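[1] Provided below are the primary sequence and the corresponding predicted coordinates.
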Amino acid sequence: MADATKTETITFGDSSAMHSETVKFLPVVLARMGFKIRRLAADVFGCPEEKHEEIERRFLLSKPPDFAKGALRYAIKIYIEQIYIRASKKRDDKCRIRKCSVGEFHVYYKTKKYKLGHGRKCEIEKRISKEEYLRLSTFKERDTKTIVKTRYCFLYKNQYFELDAFHNPPNLYILEIELRHINKQVKLPPYFCIKREITDEPAYSNHELARIKQTRKHN
């Protein structure tokens, strides 16, 4: 992996002074926000995260966004390869490994996730080596494929969003926001064509999208 102390001029944010911030100042912002944006720091700086509760809402886009508009112009891009591996026999338990790349930086994770309720999940995440990632990839869950996507991380109205643009499966765009409370009001960026909320739709979970036999269109 490349030297994680190297300073890159990576900017992100909405139409505010955040545009001029470089990645070396990012931890100051991250410390004041939720887990997902702290995990972004982990991806960039190599800072480990462990167990946490994730509260999020997810939205399906009806068409590709204009990446030259709004906060997307300043988003941090993370290339993600995600593989589901055999875990426990509990129905709601999922285990995955993930490679995250930001430019020349690469980090690897093993994550166990299970559902707690509406929009709430628990994740136990561990940083692993490239060698361990490659070893675990041989235990890929039967009848699943590798999820490949580019994640765009950005701020809008003091909210942290992640837009996943999927390469495999293709032509799928899902917007996520992490919340401290599931009923908190969300201000969605106006330059996205939101088709509907899919927070509680199992068909749009990453695990379900990884199923090779899935053939239905993204309705």
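    Sure thing, it's come through.

[2] C-alpha only now, for contacts and for neighbours.
    OK.

[3] phi, psi for residue 70 please.
    Backbone torsions for residue 70, taken as degrees, to the nearest 10, come to phi 50, psi -140.

[4] what helix or strand does residue 131 sit in?
    helix 130-136 (DSSP states H and E).

[5] which outside residues touch that helix?
    Residues outside helix 130-136 that contact it (Cα atoms under 8 Å, 6 or more residues apart in numbering) are 85, 97, 98, 99, 107, 108, 109, 110.

[6] for the helix or strand just after that helix, list the C-alpha coordinates in CSV.
    The first helix or strand that comes after helix 130-136 along the chain, using DSSP H and E, is strand 147-156. C-alpha atoms of strand 147-156 as CSV (Å, rounded to 0.1, in the frame of the first residue of the first chain):
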residue,chain,number,x,y,z
ILE,A,147,-19.7,-5.9,-6.2
VAL,A,148,-17.7,-3.2,-8.0
LYS,A,149,-18.6,0.5,-7.5
THR,A,150,-17.2,4.0,-7.3
ARG,A,151,-18.3,5.8,-4.2
TYR,A,152,-18.6,9.6,-4.2
CYS,A,153,-18.3,11.1,-0.7
PHE,A,154,-19.5,14.7,-0.2
LEU,A,155,-21.2,17.2,2.1
TYR,A,156,-24.4,19.0,1.4
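
[7] let me see the mean pLDDT of strand 147-156.
    Across strand 147-156, the average pLDDT comes to 95.

[8] which one's the longest strand in the protein?
    In the chain, with assignment by DSSP state E, the single longest strand is strand 105-117.

[9] on contacts alone, who are the packing partners of that one?
    helix 35-45, strand 94-102, strand 120-128, helix 130-136 (3 or more Cα pairs under 8 Å, 6 or more residues apart in numbering; DSSP states H and E).

[10] and it, C-alpha only, in CSV?
    Below are the C-alpha coordinates for strand 105-117, written out as CSV (Å, rounded to 0.1, in the frame of the first residue of the first chain):
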residue,chain,number,x,y,z
PHE,A,105,-3.8,4.2,-1.7
HIS,A,106,-5.4,0.8,-1.0
VAL,A,107,-6.9,-0.5,2.3
TYR,A,108,-8.6,-3.8,3.0
TYR,A,109,-11.4,-4.6,5.5
LYS,A,110,-13.3,-7.6,6.8
THR,A,111,-16.8,-6.7,8.0
LYS,A,112,-19.6,-8.6,9.8
LYS,A,113,-23.0,-6.9,9.6
TYR,A,114,-26.4,-7.7,11.0
LYS,A,115,-29.7,-5.9,11.1
LEU,A,116,-31.0,-4.3,14.2
GLY,A,117,-34.3,-2.8,12.9
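
[11] which residues touch the residue lying closest to residue 110 once chain neighbours are set aside?
    Nearest-residue entry for residue 110: residue 97, 4.4 Å, with adjacent residues in sequence omitted and distances by Cα to Cα, 6 or more residues apart in numbering. By Cα under 8 Å, 6+ apart, the residues touching residue 97 are 82, 83, 84, 85, 108, 109, 110, 111, 133, 136, 137.

[12] I'd like the contacts of helix 130-136 written out as JSON lines, with pLDDT and distance to residue 55 added.
    Formatted as JSON lines, the contacts of helix 130-136 follow (pLDDT from 0 to 100; distance: Cα to Cα, whole Å):
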{"residue": "85", "pLDDT": "95", "distance to residue 55": "23"}
{"residue": "97", "pLDDT": "97", "distance to residue 55": "21"}
{"residue": "98", "pLDDT": "96", "distance to residue 55": "20"}
{"residue": "99", "pLDDT": "96", "distance to residue 55": "23"}
{"residue": "107", "pLDDT": "92", "distance to residue 55": "24"}
{"residue": "108", "pLDDT": "94", "distance to residue 55": "23"}
{"residue": "109", "pLDDT": "93", "distance to residue 55": "20"}
{"residue": "110", "pLDDT": "94", "distance to residue 55": "20"}
